[in-house]
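Visitor: Structure for this input, please:
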Amino acid sequence: MVSQRERRADPYPLTWEIPAAIFAGSLLALVLGVHLGRGAANLAAGAGWAWPAPTRLFPSAIGVLQGDAAAGLNRVAPLATPDALLVWVFTVELAVMAAYVVLIWLCLHRWGPNRTLGVASVDEARRLLGRQRLYAARKVIRPDLYGRKAKP
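Guide: Predicted coordinates for the structure are as follows:
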C-alpha cells in the first residue's frame, strides 16, 4: 500500500536557511533565558530588576553562567549569590526548553512529514456542511462511533 508521504511531491529542496534560522533563534532564546534567570535571581535577592545593554547581551551570558550576577550590568549592588543565581538560571532555561518542546510538537503536527493532508478541520466542515447535515451524516463520517454495532 502506498503511503500518503510517497504520493506527495515536495517541490522545495531543503536548504541551509531554515536550519540556520532555527539555530540562531534557539541560541538567542537560550541567552535571553540566562538573562531572565539572572534578573529573577537579583529581583528575589532584593537588588531589583536589571538588564544588560544589547551590545553586552552575548558576552555577559558567559559571566552569568560562571556565577557573576553583575556581569554586563553597570551597577554594583547587593546581588544574588552564585548558587541562587545558577538555580534561577537553570529553572528559567528548563522553562525555555519546555516551551521549545511544545513548539516543536506543534510545528511537526501542523507542517511535519506525518501530517494528514487533504482533510478539513472541524471548523471548516461545520462551516461548509452545517451542523444539521453533519449530524445527519454522522454514521457515514464516523462509523466507528455511530455506525451499527456488530452482532455477536
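
Visitor: Tell me the pLDDT of the most centrally placed residue in the chain.
Guide: Residue closest to the average C-alpha location in the chain (C-alpha atoms, centre = their mean): residue 103, at 2.6 Å. Listed pLDDT for residue 103 reads 93.

Visitor: check contacts around the residue nearest to residue 57 when sequence neighbours are not counted.
Guide: The shortest distance from residue 57 to any non-neighbouring residue, by C-beta to C-beta, 6 or more residues apart in numbering, is to residue 31 (6.3 Å). Backbone N, C-alpha and C define where each C-beta goes, glycine included. By C-beta atoms under 8 Å, 6 or more residues apart in numbering, the residues touching residue 31 are 57-58, 61.

Visitor: Just the buried residues of those.
Guide: For the contacts of residue 31, a burial check counting by 16 or more other C-beta atoms under 10 Å picks out 57, 61.

Visitor: Look through the chain and tell me its longest helix.
Guide: Looking across the chain with DSSP state H, the single longest helix is helix 82-111.

Visitor: Pull out the buried positions in that helix.
Guide: Within helix 82-111, the residues scored as buried using 16+ other C-beta under 10 Å are 84-86, 88-89, 92-93, 96.

Visitor: so what does it touch, helix or strand wise?
Guide: Secondary-structure packing of helix 82-111 (3 or more C-beta pairs under 8 Å, 6 or more residues apart in numbering; DSSP states H and E): helix 17-44, helix 57-65.
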